[in-house]
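S.K.: need a 3D model of the following:
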Amino acid sequence: MWQIDQMSLRLFIAVCEEGTIARAAEREFIAPSAVSKRLADLETLVGTALLSRSQRGVRATAAGEALLKHARLIMLDHERLQAELSEYAAGGRGHVRVLANVSSMVEFLPEVLSRFLQANPGVRVDVEERTSADIVRGLEEGAADIGICRDFVSTRELDVTTYRSDHLALVVPKDHPLAGAPAIGFVQTLDLNHLGLSSNASVNALMQRIAAEKGRELSYRAYVSTFDAAYRFIQAGLAVAILPREAVNPQVRQQYGLEVIPLAEAWAERRFVICVRDRAALTLPAARLIEHLMATR
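M.R.: Numbers count the residues shown, from 1 in each chain. Predicted coordinates:
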């Protein structure tokens, strides 16, 4: 039975992620020739081609994709082992990797993590922004310990805990005729020029479907990729937008001169969930972070 050493797995992962041996070598601080030798030995060991090489770089073969999936899990488990042993040796130290969607990053996660890190100075938390569907895939592939995403995506075999909610609202400039309204129905907004947020693709699709069911059309005047850009477009009077009201906090409202009108629709409330592959297998820092998240809802 053949065995693959961790260095070979690390280099194989780096090559797959970087797309070229040169970039992988630079990332891992090793000579390209040494990387090539490791990969050649690895393919000889397993008896099949793991990489497809071309002038544009390298990519994993079908066998390589299988190895990549397991290699990431092996490296993650090794990192978890080191982190947990370090915790027992030094007390409260470790590393947690989190995948989170853009709404959580804008609405609450920075403040929640700040309090956690103040209480746990020996823990390092790496956060990567992804779409909800990508968060599920990333957890399944072992790319992170914890995921924060929407509840509408299929979480398959993951361990899922309902976390918190946010609420969609119509955001307008403070001098807009609708500013100050206590609430508004979605259909009432369809005569307005809307601003689309690319990270809200699922919400955009939902609203377009609902508009079509009402025999109407949702008109997007422009699309932007960030909440900050959306605030600026609305401030300039170019369009209105349906955004989570939690993302338009009092400071944002004051800075950009915005008004938030609650959307009087049952579907305006949306839920976040916390996902992990196996809660029982979490490192102590990751388990502590989940406890902190749940305690600060």
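
S.K.: average pLDDT for the lengthiest strand in the chain, rounded please.
M.R.: Looking across the chain with DSSP state E, the single longest strand is strand 159-173. For strand 159-173, the mean pLDDT works out to 97.

S.K.: repeat for stretch 133-152
M.R.: The model assigns stretch 133-152 a mean pLDDT of 94.

S.K.: give the buried residues for it.
M.R.: 134-136, 138-140, 142-150 (16 or more other Cβ atoms under 10 Å). Yep, even glycine has a C-beta here, placed from its N, CA and C like the rest.

S.K.: next one: stretch 22-38
M.R.: Ala24, Ala25, Glu28, Ile30, Val35, Arg38.

S.K.: of these, which is the nearest to Gly185?
M.R.: Ala24 (54.1 Å; Cβ to Cβ).

S.K.: which other helices and strands contact the helix or strand harbouring that closest one?
M.R.: Per DSSP states H and E: Ala24 is located in helix 21-28. Identification of packing neighbours for helix 21-28 by 3 or more Cβ pairs under 8 Å, 6 or more residues apart in numbering; DSSP states H and E yields helix 6-18, helix 32-46.

S.K.: dump those helices to CSV, plus mean pLDDT and distance to Tyr256.
M.R.: Formatted as CSV, the helices and strands packed on helix 21-28 follow (pLDDT from 0 to 100; distance: least, Cβ to Cβ, whole Å):
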stretch, mean pLDDT, distance to Tyr256
helix 6-18, 93, 38
helix 32-46, 92, 49
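
S.K.: would you mind finding the most buried of these?
M.R.: helix 6-18 (a mean of 19; mean count of other Cβ atoms under 10 Å).

S.K.: for that one, which outside residues touch it?
M.R.: By Cβ atoms under 8 Å, 6 or more residues apart in numbering, the list of residues contacting helix 6-18 from outside reads 21, 24, 27-28, 30, 35, 38-39, 41-42, 50-51, 58-60, 64, 67-68, 71-72, 74-75, 78.

S.K.: and the residue nearest the centre of the chain, what does it touch?
M.R.: Geometric centre of the chain, nearest residue: Arg130, 2.8 Å, by Cα atoms, centre = their mean. Going by Cβ under 8 Å, 6+ apart, Arg130 touches Leu99, Ala100, Asn101, Gly138.

S.K.: check which element follows the least confident helix or strand in the chain by mean pLDDT along the chain.
M.R.: When each helix and strand of the chain is scored by mean pLDDT, DSSP states H and E, helix 62-90 comes last, with a mean of 80. Proceeding N to C from helix 62-90, the next assigned helix or strand is strand 94-100, under DSSP H and E.

S.K.: distance from that following strand to the middle of the chain?
M.R.: Centroid separation for strand 94-100 versus its chain: 11 Å, with Cα atoms, centre = their mean, to the nearest Å.

S.K.: show me which positions of the following helix or strand past that strand end up buried.
M.R.: Next along the chain after strand 94-100, taking DSSP H and E as the criterion, comes helix 102-107. Judged by neighbour count using 16+ other Cβ under 10 Å, the buried positions of helix 102-107 are Val102, Ser103, Ser104, Met105, Val106, Glu107.
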